[in-house]
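In: build me a structure from this.
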Amino acid sequence: MPSISKANDLNATDIQHENSDDTRQRTKLYELLKQREQSWWQARQQLISHKERKMFWYGENSLMMWLLWQLVSYVIVAMVLMVLSNLLGILLPLWQYISLFVLQTAIFMAMFAAKGRMANSLQRKIDKDELMREEAFNEMIVLAEDSLYPDVHAKSPISLRYLYEYLDGHFHLASLQCLLQKEVDAGRLMLGYQQVDAKILPPDLADDELNEHASEMIYKSTL
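Out: From the prediction side, this is the model:
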């Protein structure tokens, strides 16, 4: 009998050690997932910023924007010269004013001529941002398979709001929604509410939009 009791104690100790190891491993995976989520979030923000800049400076109406900003620059330079003239009492000859505006126009023409090259350079940055975003998201999915997804299935049905609070707000709602959507697409989760497509919105707007519906977005496991 003592030997059986001792064996049971050893088994219980082994189970406790295994549970402790599993907890540490899960915590480590969540920490890695958090780091990749931050990288993905930053890559998304940077990508959207670069796309907006390209649309503004190199889109269909870019010619009007370039001419408008050149006109604004003329006005700014003229105002600066007037202020300096009044403060310092310096009066420049007319030809120097004309030379300054001619130089400004020459710089504008040189930049406008290089418009195509600058657009290509910005496109390369956009392509790099796209690659970084995809790589970070794929790494998030791999980490989520051993950390987030098992917890979601174990606690199913679970709302996006509850999951966000369960993780102490360490992840953005938009990030969690995108990860869970992968499970929905794979048929392992069901979403019983009209989903918000966070991928097509800027990160901050996606979070605000999801915040209004997070409690109603209930995920149910099909496993």
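
In: okay, CA-based contacts and neighbour counts for the rest of this
Out: Noted.

In: start and end of stretch 154-172, how far apart?
Out: 21 Å (CA to CA, to the nearest Å).

In: please shift the residue numbers so they start at 33 in all later answers.
Out: Yes, from this point I'll number from 33; that puts the last item at stretch 186-204.

In: that one: which residues count as buried?
Out: Of the residues in stretch 186-204, those buried by neighbour count under the rule 16 or more other CA atoms under 10 Å are 190, 191, 192, 193, 195, 196, 203, 204.

In: check stretch 90-103 too.
Out: So stretch 90-103, judged by 16+ other CA under 10 Å, has buried residues 90, 98.

In: helix or strand with the lowest mean pLDDT in the chain?
Out: Among the helices and strands of the chain, helix 34-90 carries the lowest confidence by mean pLDDT, DSSP states H and E, at a mean of 73.

In: could you point out the helix or strand that follows that helix?
Out: Helices and strands here follow DSSP states H and E; after helix 34-90, the next one along the chain is helix 94-120.

In: past that following helix, which element shows up next along the chain?
Out: Later in the chain than helix 94-120, the nearest helix or strand by DSSP H and E is helix 126-145.

In: just the angle for the next helix or strand after that following helix relative to helix 126-145, thanks.
Out: The helix or strand immediately downstream of helix 126-145 is helix 147-176, counting by DSSP H and E. For the pair helix 147-176 and helix 126-145, the angle between their directions (axes from the mean of the first three to the mean of the last three CA atoms, to 10 degrees) equals 50 degrees.

In: what packs against helix 147-176?
Out: helix 34-90, helix 205-217 (3 or more CA pairs under 8 Å, 6 or more residues apart in numbering; DSSP states H and E).

In: give me that answer again for 10 Å
Out: When contacts are defined as 3 or more CA pairs under 10 Å, 6 or more residues apart in numbering; DSSP states H and E, helix 147-176 packs onto helix 34-90, helix 126-145, helix 180-186, helix 205-217.

In: pick the most buried one from these.
Out: Taking mean count of other CA atoms under 10 Å as the contact definition, the stretch among the helices and strands packed on helix 147-176 with the greatest mean neighbour count is helix 205-217, which reaches a mean of 19.
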